[in-house]
Structures are given as structure tokens and as C-alpha cells.
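Asker: pasting the sequence and the predicted coordinates here, then a few questions.
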Amino acid sequence: MAMTLRLTDEENEDLRRTAERENRSMQEVARQAIREYVQRRTKLRDEALARIVAEDAELLDRLAR
């Protein structure tokens, strides 16, 4: 699926320099950054849910009855 990503001039320049430095396309760098962001957010969410389940196990058990 195609999408348009609007960047500020500074963001575009940072992306261009990074891509050039890594000998990759700007698209490759942006897609990797998005994948890494999603993975980090998913991990944080999963950790938060696990913490809630562990801390509130007794309450959750009572509510499930």
C-alpha cells in the first residue's frame, strides 16, 4: 500500500544523510525505523499488561468468578 509521508525539511535532511551514510535508500531507512518503533511499542505494551496481570492477579481472579 502506498502512502505519502510528509517530513519537515530538517527531518528529510536527517533521513537523507542517514540513508547516504548507510548506503541505503531513504525508504529503507524509514521503513526500518517504523518497524523498530512498532516493535518497541508492542514490547512496552506487553510488559505493561504482564505487570498488571501479575500485580492484580487476585483481583482479576475474583472478577473472573
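Answerer: That came through, no problem.

Asker: where does the protein dip in pLDDT?
Answerer: Under the criterion pLDDT under 70, no range of the chain is flagged.

Asker: could you pull out the strands in the protein for me?
Answerer: Taking DSSP state E, the chain contains no strands at all.

Asker: now the residue sitting furthest away from the middle of it: how far from residue 58?
Answerer: Within the chain, the residue lying farthest from the chain centre (C-alpha atoms, centre = their mean) is residue 65, at 36.0 Å. As judged by C-beta to C-beta, to the nearest Å, residue 65 and residue 58 stand 12 Å apart. Where you see a C-beta, it was placed from the backbone N, CA and C, and this is true even at glycine.

Asker: please apply the same query to residue 52.
Answerer: Residue 52 is 12 Å from residue 58, by C-beta to C-beta.

Asker: and those two? Which one has more around it.
Answerer: Each of residue 52 and residue 58 has its neighbours counted (other C-beta atoms under 10 Å); residue 52 has more, 12 against 8.

Asker: I'd assumed residue 25 was in contact with residue 19.
Answerer: Yes. At 5.9 Å, residue 19 counts as touching residue 25 under the criterion of C-beta atoms under 8 Å.

Asker: burial count for residue 24?
Answerer: Residues lying near residue 24 (other C-beta under 10 Å) number 14.

Asker: let me fix that: residue 15
Answerer: Applying other C-beta under 10 Å, we find 17 residues neighbouring residue 15.

Asker: then residue 12?
Answerer: 13.

Asker: and the gap between it and residue 19?
Answerer: Applying C-beta to C-beta to residue 12 and residue 19 gives a distance of 11 Å.

Asker: cool, and residue 35?
Answerer: Taken as C-beta to C-beta, the span from residue 35 to residue 19 is 16 Å.

Asker: neighbour count: those two, which is higher?
Answerer: A direct count of neighbours by other C-beta under 10 Å for residue 35 and residue 19 places residue 19 higher, at 16 against 10.

Asker: how near is that one to residue 8?
Answerer: Separation of residue 19 from residue 8 (C-beta to C-beta) stands at 16 Å.
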